[in-house]
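Student: Make a model of this:
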Amino acid sequence: MIQRIQSVFLLLVALCMLSMLALPLWYKVDGLTHQELTLTAFGFSAANMAKPASAGAVWVIAVLAVASAALAAYEIFQFTNRFKQLKLGAANILLIIATFGAAFYFSNQGETFLNPKLEGKFEPAFYLPTLALLLNLLATRFIRRDEQFVRRNYDRLR
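Tutor: Numbers count the residues shown, from 1 in each chain. A predicted model of the protein is given here:
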């Protein structure tokens with residue numbers, strides 16, 4: 001049912017992925033020139049410098065995060081078909097990994113835009129896909145446990 005622990009985990013997955021949209025992913029500042037570059041899920045924002053034109057389609061991070069959150073929310077209401085829930089959980093794992101990979105790619109790309117000798121800092125939103133992946137794996141584990149519980153009881157009734 002909806003009140004199971006895996007539903008809580010899936011809700012937290014959706015919240016983690018949606019939080020990526022509001023929080024910065026990566027930040028770099030040059031102390032000498034006071035130039036700042038920040039990566040969000042929608043693109044780069046620059047202060048005291050020109051916005052990078054060749055950044056690419058950074059909005060892919062936002063699209064992947066929203067797709068993962070939507071899939072987790074949809075998965076919550078598929079409690080009557082646990083096998084379908086497991087397949088959706090596997091697909092969500094791929095989406096979360098793709099989101100993390102895209103964030104890592106664009107943060108590495110951002111390193112070249114502003115004084116390559118300085119290191120940028122990963123912000124809290126960068127680590128949210130890792131938390132979402134862990135929560136999704138826990139949800140999958142509890143869904144699998146429910147499926148085994150139902151099978152054992154079904155076999156016992158026969």
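
Student: make it CA atoms for all contacts and neighbour counts henceforth
Tutor: Will do.

Student: helix, strand or coil for Leu32?
Tutor: State at Leu32, reduced to three classes by DSSP: H, G, I helix; E, B strand; the rest coil: coil.

Student: remind me, longest helix of this protein?
Tutor: Assignment by DSSP state H gives helix 124-157 as the longest helix of the chain.

Student: name the helices or strands packed onto that one?
Tutor: Judged by 3 or more C-alpha pairs under 8 Å, 6 or more residues apart in numbering; DSSP states H and E, helix 124-157 is in contact with helix 5-19, helix 82-111.

Student: Of the ones you listed, flag the one that's most buried.
Tutor: Of all the helices and strands packed on helix 124-157, helix 5-19 has the most neighbours on average by mean count of other C-alpha atoms under 10 Å, namely a mean of 21.

Student: Pull the residues that contact it.
Tutor: The contact list for helix 5-19 (C-alpha atoms under 8 Å, 6 or more residues apart in numbering) reads 65-66, 68-70, 72-73, 75-76, 125, 128-129, 131-133, 135-136, 138-140, 142-143.

Student: What of stretch 72-90?
Tutor: So stretch 72-90 is contacted by 1-2, 6-7, 10-11, 13-14, 71, 92, 136-137, 140, 143-144, 147 (C-alpha under 8 Å, 6+ apart).

Student: how about 10 Å then?
Tutor: The contact list for stretch 72-90 (C-alpha atoms under 10 Å, 6 or more residues apart in numbering) reads 1-4, 6-15, 17, 66-69, 71, 91-95, 133, 136-137, 139-141, 143-144, 146-147.
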